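Undergrad: below: sequence and its predicted model.
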Protein chains: 2
Amino acid sequence: MGGDFGPPVTVPASLEVLAKHPSLRLILVGDADILRQSLRSYQYDSNRLSIQHASQKVEMDESPSLALRNKKDSSMRVAINQLKEGKAQACVSAGNTGALMATARFVLKTLSGVDRPAIISTFPTIDPNKSVRMLDLGANVDSSAADLVQFAVMGSVFASAVDNIPNPKVHLLNIGEEEIKGNEQVKQTALLLQNAKSINYAGFIEADAIHKGEADVVVCDGFVGNVTLKTTEGVARFIARLMKEAFMRNIFTKLVGLLVKPVLKSFIKRIDPSRYNGATFIGLNGTVIKSHGGANIQAFARAIEEGITGVEKNVPERIRSEVEQLLKSSLPSEGG
Amino acid sequence: MGGDFGPPVTVPASLEVLAKHPSLRLILVGDADILRQSLRSYQYDSNRLSIQHASQKVEMDESPSLALRNKKDSSMRVAINQLKEGKAQACVSAGNTGALMATARFVLKTLSGVDRPAIISTFPTIDPNKSVRMLDLGANVDSSAADLVQFAVMGSVFASAVDNIPNPKVHLLNIGEEEIKGNEQVKQTALLLQNAKSINYAGFIEADAIHKGEADVVVCDGFVGNVTLKTTEGVARFIARLMKEAFMRNIFTKLVGLLVKPVLKSFIKRIDPSRYNGATFIGLNGTVIKSHGGANIQAFARAIEEGITGVEKNVPERIRSEVEQLLKSSLPSEGG
């Protein structure tokens, strides 16, 4: 039911992904009448697509704590309950990020050894065959150095499992590459990561190098990560708008615009947000994927695919076992 | 002597600006032999352009504290001394940002009432007639809420003086627009700003809205501001590179590229970093402008122009008098 568009996007996206993955089963959770209505014009295998009714819906601007308290039959809550009850292995939502995180954390709990879940997502790089994973993109603010070390460990396991990168290079976002730079949080985290032998810690990275393709994982506080994500979106939209204006100026520029379209097709494909849609809530007992609220059908389908990958690669299980090991060896003992 | 290029950029830029402003006088500070050599092929009015020798040079990667201690005859230090001694009214440098800030702060001191200087610069917006000022872009990390309120006051005075905006709209950068969102630093700052009646505080702004042209001033911690600045640079360069690759693919795309150039001329002008080069160190007893290290001649000339504006608009004087008033009325009394 979530996102800017709801079932008109989520339903066709679901059917598209269902057609691609013969062993996939999907449960659409939400207002059963609306969902049945949305499905009416499509043909599909009803053994692989079922509807689970939920009488409530979390609004996009609703407070996470109020949603958690008052919306116990929301589509979001019922969907996450499916994971808890073993009826589903992943939940994909385009709804209210804060409410989804609060609900997922409350219902599923964090993995043993993980204090705080984080949001991990993907950025394109100048290397067409390589993307970079970044976390935390906004689940936490005021993270401690120990939290950031946990994010580093989880990001490393995620990149290794999902992206098949052996020994992923983990960088810490900072405002300079020198050791003396940065805030207290970053300096303390760097000290801990230097001693964490089980992570391939590759030092600081500045924000203008995220897209250079050298890092496999970039770790930062959720406030900073969310600002980075939103800045990226804002700058890309700003440039796209100015370019569009330039081509719309007169008949000559419009004609050039027609010629340019095929040239820029591969370029647009490289930075198309729908290619990178689907952020994973990492560190939970289950796979929960957050789609961008403004996702179109293609983008929401991409988020569902991210959920499938999470399940196929057994990400929570791998994180569960590896994080415990990694944390034991990488963190200074609490007694010391 | 600073920046990636030194005198080959700074000298011709100086001569260009000198030719434009008949009442301007410039002092080139640095190795006198190199500067004389650089000037040899140009004609200029030696009454308006002098050389001040400095035997040392701060390296771009030198530690600010070491530079401050060991480079007492650096071009940077001697240039800032000119302000202290009343021989110049503004200093423009493309050198090491941290060393320039440390030196400026040590030699010039902060204005009365200002605890920490900040770095303020300009971002373009979708409105061609409007840019937005943002601070702090990296002078401070771990700023307190009281520091951020001071940045808000200084930014407001700056936008009013330099950009001629009466009652500038001041926004606080956050990861959501709702009151419940953000880290402790931002939440506390918002409470203080809501009570600061002398500032036109307009609430939170998310990073993807910086370029929308609604805000006159955006305030944030220096760590976050520097990440925003570097992300903006990184994304713009990333997009430019992918576009260039798309046009370089084959003979057809190259031909289209030739047609596109004039169309994109106005677009490129809008986002050309040299149009926005020149960050002001705000809150000091004097006008100090930091040019981007990679500035070309045009961009460095722009930074000098920013210095001229700072002097002509009497920015430090206005900040000195207005900040004291504004801070008195906007900050809760220390005794209370």
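TA: Sure thing, it's come through.
Undergrad: the strands in the stretch 101-250 of chain A, which residues?
TA: Listed in chain order, the strands of the stretch 101-250 of chain A (DSSP state E, counting those that start in this stretch) span A:118-124, A:131-135, A:169-173, A:200-205, A:217-219.
Undergrad: just say which of the ones you listed is most tucked in.
TA: Compared across the strands of the stretch 101-250 of chain A, strand A:217-219 shows the largest average neighbour count, a mean of 29 (mean count of other C-beta atoms under 10 Å in any protein chain shown). C-betas here are computed from N, CA, C, even on glycine.
Undergrad: what about it, distance to the chain center?
TA: 13 Å (C-alpha atoms, centre = their mean, to the nearest Å).
Undergrad: touching chain B at all, it?
TA: No - using C-beta under 8 Å from any C-beta of the partner chain, strand A:217-219 never reaches chain B; the gap is at least 11.1 Å.
Undergrad: break down chain A into its helices, ranges please.
TA: Ranges of helices in chain A, per DSSP state H, are A:7-20, A:32-39, A:64-70, A:75-84, A:97-108, A:145-162, A:184-194, A:222-247, A:251-271, A:297-312, A:315-330.
Undergrad: of the strands of the stretch 101-250 of chain A, which is nearest B:Asn81?
TA: Of all those, it is strand A:200-205 that lies closest to B:Asn81, at 33.1 Å by C-beta to C-beta.
Undergrad: name the residues that touch that closest one?
TA: A:152, A:156, A:167-174, A:176-178, A:181-182, A:186, A:190, A:193-194, A:214-215, A:218 (C-beta atoms under 8 Å, 6 or more residues apart in numbering or on different chains).
Undergrad: same question for stretch A:254-265.
TA: A:247-248, B:243, B:246-247, B:249, B:252-253, B:256-257, B:259-260, B:263.
Undergrad: and the residues you listed, which are buried?
TA: Among these, those classed as buried by 16 or more other C-beta atoms under 10 Å in any protein chain shown are A:247, B:243, B:246-247, B:253, B:256-257, B:260, B:263.
Undergrad: now, which of those residues sits nearest A:Ile120?
TA: B:Met243 (28.3 Å).
Undergrad: find the nearest non-adjacent residue to the residue most central in space within chain A, please.
TA: Note on chain A: the residue nearest the mean C-alpha position is A:Ala279, at 0.8 Å, using C-alpha atoms, centre = their mean. Counting by C-beta to C-beta, 6 or more residues apart in numbering or on different chains, A:Ser121 is the residue found nearest to A:Ala279 once chain neighbours are left out, at 3.9 Å.
Undergrad: ok, A:Arg320 next?
TA: A:Leu111 (4.8 Å).
Undergrad: does the one you found really touch A:Arg318, like I thought?
TA: No - using C-beta atoms under 8 Å, A:Leu111 is not in contact with A:Arg318, being 10.4 Å away.
Undergrad: circling back: and the two most separated of the buried ones among the contacts of stretch A:254-265?
TA: Top of the distance list for the buried ones among the contacts of stretch A:254-265 (C-beta to C-beta): A:Phe247 and B:Thr253, 16.3 Å.
Undergrad: who are the contact partners of A:Ala13?
TA: Contacts here follow C-beta under 8 Å, 6+ apart; on that basis A:Ala13 touches A:297-298, A:300-301, A:304.
Undergrad: how about A:Val315?
TA: Shown in contact with A:Val315 (C-beta under 8 Å, 6+ apart): A:157-158, A:161-162, A:280, A:282, A:287, A:309.
Undergrad: for A:Gly213, same thing?
TA: Contacts of A:Gly213 (C-beta under 8 Å, 6+ apart): A:125-127, A:130, A:132.
Undergrad: ok, so of those, who is nearest chain B?
TA: Lowest distance from chain B to those (C-beta to the nearest C-beta) belongs to A:Ile126, with 5.8 Å.
Undergrad: right, and the closest one touches A:Glu214 too?
TA: No - using C-beta under 8 Å as the test, A:Ile126 is too far from A:Glu214 to be in contact (9.9 Å).
Undergrad: how many other residues sit next to A:Lys87?
TA: 12 (other C-beta atoms under 10 Å in any protein chain shown).
Undergrad: do the same with A:Ala299
TA: A:Ala299 has 22 neighbouring residues, counting by other C-beta under 10 Å.
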